[in-house]
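*Asks:* next come a sequence and a model predicted from it.
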Amino acid sequence: MGWRRALSVALIVVSGAAILLTVIPAVPSNEWWIRVWDFPRSQLLAVIVACLLLSPVVLSLRKGPVLIGLAALVGAGAWQSYRVWPYTPLAATEAVAMASCPVESRLLLLTANVQVSNRTSEPLLTMVDQTQPDLVLLVETNQWWDEELEPFKQAYREHISQAREDGYGMHLFSRYELIEPQVRFLLEDYVPSIKTGVRLPSGREITFHGVHPVPPPLEDTEERDAELLLIAREIREEQTSAIVAGDLNDVGWSRTTRLFQEISGTLDPRIGRGPFPTFNADWPILRWPLDYVFFDPSFRLVDMGLMDHVGSDHFPLLIELCHAPELVSVQRNARPSPAEVERASEAIQQGREEAR
């Protein structure tokens, strides 16, 4: 087989795989091997574009099957582009920016997955010391990390510690008063989440949710989806100023995250600004956003950015928000449709059944 023939075969195989992996996530299933292909959409789009550019050079475009295959490849590329487009600077922003914020309404939040096996705490400690966030949410914390975080316990007014050795530990540190803080186990007794009120210097109270649901491919996605949607429904029902932060183990363009936003009425500051991929910090080519901060329209975005590598497989995410409830009408907060409410209820029920 000549090199041109071998290249043609390879191109056809890769193109076929890219088309197949574009179609698979559309299957209405919670199986991990289906839902996991929600994640690398940007990478698959890059592969599709490369295949389209190589096709005129390698393949005979006068053959009918080749043209059909190219049409399918174009369709796959268009679909992947449609899904990731909102997470590019070319799209319209969803969260309205604010250039400055009164100090009493300002909230600087750092969220990071420290990786339970990571034994390098100094970069994180230095980062927090330099950036001085008001809230610090850390996930995958265990007893070793609990001891290493002792300086935070001295520096911050209040903290919540839930050290675990299974990768589901969680710590929250706050300069501000925490009101009725809770560590909750919404579905499984080994997957905690945090819910607490936070009193800002302005005197106003907000609600903070810290999350780290079960990820694919370790599990199918029923429980992850249900946990996120339970919190979304709670935010909608309570009608309070709310922030949801943490490692969601999902990407913003997945159907679950989009449904979470519709039910909760929260905004994603990544939309219109870029993907800000936090995982995998060790794999430059295979990265996607897993760590998120969502907030309801009573907040305005001041600034957001990825922080430097801290020894974990996740980059920390630092975000500055301004609590401005008087400007709530400026941003989108559409009510979910009856069909979306029904979908969320069904997903929650499936997650509860899976947990049992």
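*Replies:* Cool, the structure landed.
*Asks:* all contacts plus neighbour counts: C-alpha atoms, from now on.
*Replies:* Will do.
*Asks:* how about the helices in the chain?
*Replies:* Here the chain has its helices, by DSSP state H, at 3-23, 32-35, 41-58, 64-84, 122-131, 143-148, 150-155, 222-238, 255-264, 338-355.
*Asks:* okay if I get those helices as JSON lines plus distance to residue 308 and mean neighbour count?
*Replies:* Converted to JSON lines, those look like this (distance: least, CA to CA, whole Å; neighbours: other CA atoms under 10 Å):
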{"stretch": "helix 3-23", "distance to residue 308": "32", "mean neighbour count": "16"}
{"stretch": "helix 32-35", "distance to residue 308": "29", "mean neighbour count": "18"}
{"stretch": "helix 41-58", "distance to residue 308": "22", "mean neighbour count": "17"}
{"stretch": "helix 64-84", "distance to residue 308": "24", "mean neighbour count": "16"}
{"stretch": "helix 122-131", "distance to residue 308": "8", "mean neighbour count": "14"}
{"stretch": "helix 143-148", "distance to residue 308": "19", "mean neighbour count": "16"}
{"stretch": "helix 150-155", "distance to residue 308": "19", "mean neighbour count": "13"}
{"stretch": "helix 222-238", "distance to residue 308": "28", "mean neighbour count": "21"}
{"stretch": "helix 255-264", "distance to residue 308": "26", "mean neighbour count": "22"}
{"stretch": "helix 338-355", "distance to residue 308": "35", "mean neighbour count": "16"}
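*Asks:* which one of those lies closest to residue 326?
*Replies:* Residue 326 lies closest to helix 222-238 among those, at 18.2 Å (CA to CA).
*Asks:* could you dump the closest one to PDB, C-alpha only?
*Replies:* Output of helix 222-238 as PDB, limited to C-alpha atoms (Å, rounded to 0.1, in the frame of the first residue of the first chain):
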ATOM      1  CA  GLU A 222     -27.800  10.200  36.900                       C
ATOM      2  CA  GLU A 223     -26.500  11.200  40.300                       C
ATOM      3  CA  ARG A 224     -24.400  14.100  39.100                       C
ATOM      4  CA  ASP A 225     -27.300  15.500  37.100                       C
ATOM      5  CA  ALA A 226     -29.800  15.100  39.900                       C
ATOM      6  CA  GLU A 227     -27.500  16.800  42.500                       C
ATOM      7  CA  LEU A 228     -27.000  19.900  40.200                       C
ATOM      8  CA  LEU A 229     -30.700  20.000  39.400                       C
ATOM      9  CA  LEU A 230     -31.800  19.700  43.000                       C
ATOM     10  CA  ILE A 231     -29.700  22.800  43.800                       C
ATOM     11  CA  ALA A 232     -31.000  24.600  40.700                       C
ATOM     12  CA  ARG A 233     -34.600  23.900  41.800                       C
ATOM     13  CA  GLU A 234     -33.800  25.100  45.400                       C
ATOM     14  CA  ILE A 235     -32.400  28.400  44.000                       C
ATOM     15  CA  ARG A 236     -35.500  29.000  41.900                       C
ATOM     16  CA  GLU A 237     -37.800  28.300  44.800                       C
ATOM     17  CA  GLU A 238     -36.000  30.300  47.400                       C
END
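*Asks:* packing partners for it?
*Replies:* helix 255-264, helix 338-355 (3 or more CA pairs under 8 Å, 6 or more residues apart in numbering; DSSP states H and E).
*Asks:* and that helix, what's its mean pLDDT?
*Replies:* Computed over helix 222-238, the mean pLDDT rounds to 95.
*Asks:* give me the contacts around that helix.
*Replies:* For helix 222-238, contacts defined as CA atoms under 8 Å, 6 or more residues apart in numbering pick out 30, 186-187, 213-215, 242, 249, 256, 259-261, 263-265, 344, 347-352, 354-355.
*Asks:* so for residue 201, which of the helices of the chain sits nearest?
*Replies:* In terms of CA to CA, the element of these nearest to residue 201 is helix 150-155, at 17.3 Å.
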